[in-house]
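Trainee: here is a sequence with its predicted model. Questions after.
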Amino acid sequence: MTHDDAFPIKNCPIKICGLSTPETLEAALAAGADMIGLNFHPKSPRYVTPQRAAELAAQARGRTGIVALVVDYAPEQAAELARIVRPDWMQLHGKETPEQVAAIRAATGLPVMKALGVATTADLDQVALYHGIADRILLDAKPPKDATYPGGHGRPFDWGLLAGLDPAFRFMLSGGLDPANVADAIRIAQPAGVDVSSGVESAPGVKDAGKIAEFVSAARAAAEELKKAGQA
Ligand SMILES: O=C(O)c1ccccc1NCC(=O)[C@H](O)[C@H](O)COP(=O)(O)O
């Protein structure tokens with residue numbers, strides 16, 4: 001059974017990324033998040049060890065989709081992590097080529113979400129390269145020049161750029177989303193899902209249960225509105 005068979009909901013799945021405590025994970029589950037992300041990048045303030053992640057995954061299993069976020073892992077490394085944590089998805093947030101995405105997909109036996117950074121229209125050319133190779137594309141803002149890790153910086157990009165993207169290329173959207181702007185983001189970009197990290201935190205790496213609930217509620221309402229208007 002694929003993730004989408006198990007959680008066939010929503011026209012616009014909502015992912016809360018970078019959860020690292022049982023309490024905030026429970027808040028995301030209670031809010032109705034469709035996917036939760038566990039972050040394995042050692043420089044991230046949201047980093048969790050594989051052992052800690054396995055405990056969080058056990059808490060979430062069967063209640064939401066579990067996503068393991070890695071940066072430039074080798075296929076064997078990804079397979080070992082997947083064996084310990086048993087996620088439903090791998091999220092690749094580094095400079096993985098289409099060939100590397102395919103190799104990680106084969107080594108783990110899991111669907112793969114590939115993150116691509118967007119700052120200009122030219123960046124959207126990458127999407128075609130991963131189409132049919134990655135199971136989902138996540139369009140994220142590019143990190144600041146001096147950043148020490150490649151995602152989770154709470155910076156949006158210009159969603160208007162996405163009007164130029166071939167509609168055949170469905171994507172999830174992230175980068176600087178928060179409870180106040182996610183409805184506009186959904187209306188403008190019409191994504192096949194939204195992903196948030198910093199926008200539901202009180203400090204880097206510290207998730208806020210109230211903000212998580214507000215984000216899920218605002219995103220859900222906007223997606224429903226769009227669906228009713230026949231645009232989704
Ligand atoms: O969040 C991190 O610390 C992180 C570190 C390394 C690679 C990716 C990372 N986050 C990726 C995500 O999935 C975030 O949800 C996405 O970049 C959006 O983040 P934010 O702008 O903070 O909502």
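Mentor: Okay, I see it. Residues are numbered from 1 along each chain as shown.
Trainee: so where do the strands sit in the chain?
Mentor: 14-16, 35-39, 65-70, 89-92, 112-118, 136-141, 172-173, 194-196, 201-203, 206-207 (DSSP state E).
Trainee: residues near Ala27, how many?
Mentor: 22 (other C-beta atoms under 10 Å). The way it works is simple: take the backbone N, C-alpha and C, and place the C-beta from them, glycine included.
Trainee: wait, Leu29
Mentor: 17.
Trainee: pretty sure it contacts Thr64?
Mentor: Yes: at 5.9 Å, Leu29 counts as touching Thr64 under the criterion of C-beta atoms under 8 Å.
Trainee: identify the contacts common to the two.
Mentor: Taking C-beta atoms under 8 Å, 6 or more residues apart in numbering as the contact rule, the neighbours common to Leu29 and Thr64 are Ile36.
Trainee: returning to what we had before: now tabulate the strands of the chain in JSON lines and tack on mean neighbour count.
Mentor: Shown next, in JSON lines, are the strands of the chain (neighbours: other C-beta atoms under 10 Å):
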{"stretch": "strand 14-16", "mean neighbour count": "28"}
{"stretch": "strand 35-39", "mean neighbour count": "27"}
{"stretch": "strand 65-70", "mean neighbour count": "25"}
{"stretch": "strand 89-92", "mean neighbour count": "25"}
{"stretch": "strand 112-118", "mean neighbour count": "22"}
{"stretch": "strand 136-141", "mean neighbour count": "24"}
{"stretch": "strand 172-173", "mean neighbour count": "26"}
{"stretch": "strand 194-196", "mean neighbour count": "28"}
{"stretch": "strand 201-203", "mean neighbour count": "14"}
{"stretch": "strand 206-207", "mean neighbour count": "18"}
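Trainee: got JSON lines for the ones you listed, with distance to Pro179 too?
Mentor: Supplementary listing: the strands of the chain in JSON lines, determined by distance: least, C-beta to C-beta, whole Å:
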{"stretch": "strand 14-16", "distance to Pro179": "12"}
{"stretch": "strand 35-39", "distance to Pro179": "17"}
{"stretch": "strand 65-70", "distance to Pro179": "21"}
{"stretch": "strand 89-92", "distance to Pro179": "22"}
{"stretch": "strand 112-118", "distance to Pro179": "22"}
{"stretch": "strand 136-141", "distance to Pro179": "18"}
{"stretch": "strand 172-173", "distance to Pro179": "15"}
{"stretch": "strand 194-196", "distance to Pro179": "9"}
{"stretch": "strand 201-203", "distance to Pro179": "12"}
{"stretch": "strand 206-207", "distance to Pro179": "13"}
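Trainee: may I see those strands organised as JSON lines, with mean pLDDT and distance to the ligand added?
Mentor: Output for the strands of the chain, formatted as JSON lines (pLDDT from 0 to 100; distance: least, C-beta to the nearest ligand atom, whole Å):
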{"stretch": "strand 14-16", "mean pLDDT": "98", "distance to the ligand": "7"}
{"stretch": "strand 35-39", "mean pLDDT": "98", "distance to the ligand": "5"}
{"stretch": "strand 65-70", "mean pLDDT": "98", "distance to the ligand": "6"}
{"stretch": "strand 89-92", "mean pLDDT": "98", "distance to the ligand": "6"}
{"stretch": "strand 112-118", "mean pLDDT": "98", "distance to the ligand": "7"}
{"stretch": "strand 136-141", "mean pLDDT": "97", "distance to the ligand": "5"}
{"stretch": "strand 172-173", "mean pLDDT": "98", "distance to the ligand": "9"}
{"stretch": "strand 194-196", "mean pLDDT": "98", "distance to the ligand": "5"}
{"stretch": "strand 201-203", "mean pLDDT": "98", "distance to the ligand": "8"}
{"stretch": "strand 206-207", "mean pLDDT": "98", "distance to the ligand": "11"}
